[in-house]
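K.L.:
Let's see this in three dimensions:
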Amino acid sequence: MKKIELTYYGMVISKKNTKRIIKNAKTGKPMMISNKAALANEHDMVDQFSVQTLGQKKPIENCRISIVIYEPNLQRRDLDNQATSILDALTKSEVIKDDSIKCVKELNVRLGGVDRADPRAIVNITEVG
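P.N.:
Numbering: from 1, shown residues only. Next up is the predicted model:
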């Protein structure tokens, strides 16, 4: 049974709560996209997770994931939306195969507290049989 602990150093920005409406250049119809800060945050997570898993041969296909988030302050944020952003980054960095129930069998997320100097997310992934 494989276990991995990853740490994202920085505040996790929820992509879901940062959507904006733009006009599709080709069709002229409105569409929703994540803002630039949320996309940059996702790229940063992907980069950090990729570096921490160098040498991992293939993505984990069945797992349990536990996330502890340390916020910079007590501003209103949704842990479930932050967890979704982390799962998306884990998928894009090929740490896990995907974030569906076919791969992620259990997900726990909790607030670890406030750490103004070092906001972060600690992600523990345990492969299951």
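K.L.:
Let me see the contact set for Asn108.
P.N.:
Asn108 makes contact with 64-67, according to CB atoms under 8 Å, 6 or more residues apart in numbering. Quick note: C-beta positions are derived from backbone N, CA and C, even for glycine.
K.L.:
what about 6 Å?
P.N.:
Ser66 (CB atoms under 6 Å, 6 or more residues apart in numbering).
K.L.:
swap in Val51?
P.N.:
So Val51 contacts nothing (CB under 6 Å, 6+ apart).
K.L.:
which stretch of helix or strand covers it?
P.N.:
helix 36-52 (DSSP states H and E).
K.L.:
what lines up beside whichever helix or strand comes after that helix in the sheet?
P.N.:
Later in the chain than helix 36-52, the nearest helix or strand by DSSP H and E is strand 63-71. The pairing partners recorded for strand 63-71 under DSSP bridges are strand 104-114 (parallel), strand 120-127 (antiparallel).
K.L.:
Name the helix or strand for the most centrally placed residue in the chain, please.
P.N.:
Nearest residue to the geometric centre of the chain (CA atoms, centre = their mean): Ile86, 0.7 Å. If you go by DSSP H and E, Ile86 is part of helix 79-92.
K.L.:
what packs against that helix?
P.N.:
Helix 79-92 sits against helix 36-52, strand 63-71, with contacts defined as 3 or more CB pairs under 6 Å, 6 or more residues apart in numbering; DSSP states H and E.
K.L.:
Which positions within that helix qualify as buried?
P.N.:
By 16 or more other CB atoms under 10 Å, the buried positions in helix 79-92 come out as 82-92.
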